[in-house]
Structures are given as structure tokens and as C-alpha cells.
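> Okay, sequence plus prediction incoming.
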Amino acid sequence: MKKFIPLTIFAAAFGLVEAAVVVYTRWLYYPNGFAFPVSVPPIEFLKVELWRELATLGMLGAAGALAGRNGWQKFAFFMWAFGVWDIFYYLWLNLFIGWPASLFDPDILFLIPVTWWGPVLSPCIVSISMCAAALIIVRRGEAGHAPAPKPLEIIGVAAGAIIILYTYIADAAIITAAQMPPPYRWGVFWIGEILGIAAFATMLLRKPDGRNAAG
């Protein structure tokens, strides 16, 4: 559990680096302020951004792999690093340039494989969920109860993630065409979030022998 401390420091510091890059980008390409509809930067810039995002995932994944002793721990520590990095990214942005002014401000979230967008609150909720799941997985593993998900539970978590991903990328063509996207699909988002949490909770409620903990 002590590994969460240096991993948190790394992720928070990495969030600052990410925020600094975005601050420079916005000063360069959005001198009048970042707002939707978003003007698309030159293709040369987007190519570099894609590589930067891949490098970001690689660094967070490497940090998780170094911290964990087995597959589940490595995955859990990656989720923790990603969640902390994402949350601190917005905290640093707010500290540096006062953005986002509201958790409901829309943002470009990712560019791989298409443009993602959503209100700031949405990825923050996902990040908090990831951090909570990471803590639970590591604590249970240390107690000798490593996760043993059943196929339906894996499908439930995966389906929840895919549904949330849909809310981010469904309007990719509209965003890249520099048009105003429709209202964010909060209803669909909560379906995905609740489905994923329910599937994860079902796994936690089962005893090691496979019976339901309430039984």
C-alpha cells in the first residue's frame, strides 16, 4: 500500500507537465480563449499530439507495471496513476489559467483514435471510479483475496466502459468539422458508469468459494 504514495506524487507531477503543455498550446492556437466550437490546429501539430498521448499512456502504464507485483496489482496501479494524473491535470490547469471555470465546461479529452470530447466532470468521475477500484483491488490482494471475476462481470465492466467511450467519441466528426456538438449524453454516461460499478461490486460481494457474500 505504501507504493501509492510515490505513485501519487509521480502522477500529480506528470499532471502538471501535461497541464503546462496544454497552457502553451492554448496560448499559441487559442489566444482569445479556448471554447467550442474548436478550431482545428495544423495537421503537423496533431501528429505530435498523437505521439504525446501515446507516450503518456506508456509512461503511466510503465509506472503501474513497476509498482505492481502481479498482473492485477500492475493494472490497479496503472488505474490509480491514470486517475490521479487526470484529476491533477485539471487542478493544475485551473491554478495556472483559471480553466475550467466550471466542472461542466466542455473539453477535448483525447485524440486516439478519434477526437474525444465531454464536460470536465465526466472524466473526473471516471478517474475517481478508477482510483477507488485500484485501492480495493490492491487491498484485497494484500489480504489474500485477489480478484477472480466471472465472465459476466468482465463483460459488465467492459460494456460500461464502452458505453462511456461512446459518449466521448459519438460526435467526433462534428468536433473535427469545427462545429458545435450537441448536449453531452449524460443519461448514456450514467448507464455505463452504473453498469461498470454494478459488475465490479458483484465481484466484490462474492466469497472466495464463489458464493454471494450475502448468502
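Looks like it came in fine. Numbering: from 1, shown residues only.

> buried set for stretch 40-49?
Across stretch 40-49, burial judged by 16 or more other CB atoms under 10 Å covers Glu49. Quick note: C-beta positions are derived from backbone N, CA and C, even for glycine.

> the strands in this structure, which residues?
106-110, 116-119 (DSSP state E).

> Reformat the ones you listed as JSON lines; add distance to Ala148, mean pLDDT and mean neighbour count.
Converted to JSON lines, these look like this (distance: least, CB to CB, whole Å; pLDDT from 0 to 100; neighbours: other CB atoms under 10 Å):
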{"stretch": "strand 106-110", "distance to Ala148": "31", "mean pLDDT": "96", "mean neighbour count": "18"}
{"stretch": "strand 116-119", "distance to Ala148": "32", "mean pLDDT": "97", "mean neighbour count": "21"}
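
> what residues are up against Val40?
Residues near Val40 by CB atoms under 8 Å, 6 or more residues apart in numbering: 46, 176, 178.

> go again using 10 Å as the cut-off
Residues near Val40 by CB atoms under 10 Å, 6 or more residues apart in numbering: 29, 46, 115, 175-178.

> Between all of those, which two are at the greatest distance?
Longest distance between any two of the contacts of Val40 is 17.0 Å, between Tyr29 and Ala177; criterion CB to CB.

> Export the strands of the chain to JSON lines and append columns for distance to Ala20.
JSON lines is the format used below for those (distance: least, CB to CB, whole Å):
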{"stretch": "strand 106-110", "distance to Ala20": "16"}
{"stretch": "strand 116-119", "distance to Ala20": "21"}
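
> I'd assumed Ala63 was in contact with Ala13.
No: Ala13 lies out of contact with Ala63 (CB atoms under 10 Å); the separation is 11.1 Å.

> The two: who's more crowded?
Using other CB atoms under 10 Å as the criterion, Ala13 and Ala63 rank with Ala63 on top: 23 against 13.
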